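[1] what follows is a predicted protein model with its sequence.
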Amino acid sequence: MAYHADNGISCHRGVFIVIEGCDKIGKTTQCLKLVESLNEHGIPCEYMSFPDRHTEVGKIIDKYLKREIEVENEVIHLLFSANRWELKCVMKKKLLDGVSIVADRYSYSGLAYSAAKPEWCWNTEIGLLQPDVAVFFYVNGTVSLSREKYGLERYEVLDFQEKVKANFKRIKFLRSMIIGDNDDMNVIHYRLFRIAKEVIDIVQNAQLNSFTNPV
């Protein structure tokens with residue numbers, strides 16, 4: 001059955017879409033374009049980015065990424081996870097109110113970037129909302145190097161990013177989208193929009209009210 005928003009109007013739940021990948025490969029640009037296009041097509045949608053650097057936990061993460069403080073690997077992993085947990089209720093309410101979410105990074109980044117064992121990493125994510133679809137942007141490493149301000153933050157090192165990319169490839173449930181050095185931004189957006197619309201149609205046609213992966 002469909003949900004009923006706070007205003008009493010019947011609506012389908014929103015769809016949770018996650019875009020993953022290494023640093024400085026255009027994820028944020030594509031997330032924002034996708035949100036804009038979905039809203040233009042009458043699908044209420046909002047953008048979220050992880051880590052959210054505006055929360056109290058997020059402010060600590062921001063200092064760590066900018067190399068202003070040092071934190072043990074296990075501790076920073078838990079802080080990244082806590083940042084997702086502190087927004088769970090906000091996200092769930094949006095989705096139940098019929099608003100879709102496009103997230104720039106989520107739990108999969110926590111797993112790919114962490115230096116701890118994968119099994120231990122994932123334990124901290126159990127119980128969080130699960131995306132309806134998670135898309136991994138797989139791009140040649142040289143693209144990142146050409147981006148403005150690349151290298152300002154802690155993880156923006158090519159060797160480290162290659163390790164992260166390898167970790168992403170090992171994660172199940174990620175839908176890969178290969179991006180070439182010369183791919184036009186609008187072409188990438190069109191491909192991403194088709195994936196998003198496909199998942200939205202599946203969720204709305206099935207009138208799903210759970211947060212487990214339908215595809």
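    It's in. Residues are numbered from 1 along each chain as shown.

[2] low-confidence stretches in the chain?
    Under the criterion pLDDT under 70, the flagged ranges of the chain are 1-11, 115-119, 140-148, 180-182, 207-215.

[3] the helices in it, which residues?
    For the chain, the helices defined by DSSP state H occupy 27-40, 56-65, 73-85, 88-96, 107-113, 118-123, 141-145, 158-170, 185-206.

[4] residue 50 is nearest to which of those helices?
    Judged by Cβ to Cβ, the one of the helices of the chain that comes nearest to residue 50 is helix 73-85, at 6.1 Å. Glycine gets a C-beta too; all of them are placed from N, C-alpha and C.

[5] any buried residues in that closest one, and which?
    Neighbour-count burial for helix 73-85, counted by 16 or more other Cβ atoms under 10 Å, picks out 76, 77, 78, 79, 80, 81, 82, 83, 84.

[6] swap in stretch 23-37?
    23, 24, 25, 26, 27, 30, 31, 33, 34, 35, 37.

[7] any idea how far residue 92 is from the nearest residue to residue 44 once chain neighbours are set aside?
    Nearest non-adjacent residue to residue 44, counting by Cβ to Cβ, 6 or more residues apart in numbering: residue 99, 4.7 Å away. The spacing between residue 99 and residue 92, counted by Cβ to Cβ, to the nearest Å, is 11 Å.

[8] before we move on, back to that, for the helices of the chain, which one sits closest to residue 49?
    helix 27-40 (7.1 Å).

[9] which other helices and strands contact that closest one?
    The contact analysis (3 or more Cβ pairs under 8 Å, 6 or more residues apart in numbering; DSSP states H and E) places helix 27-40 against strand 16-21, strand 45-49, strand 100-104, helix 185-206.

[10] could the helices of the chain be laid out in TSV, adding distance to residue 152?
    Converted to TSV, the helices of the chain look like this (distance: least, Cβ to Cβ, whole Å):
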stretch	distance to residue 152
helix 27-40	15
helix 56-65	9
helix 73-85	18
helix 88-96	28
helix 107-113	17
helix 118-123	25
helix 141-145	12
helix 158-170	14
helix 185-206	22
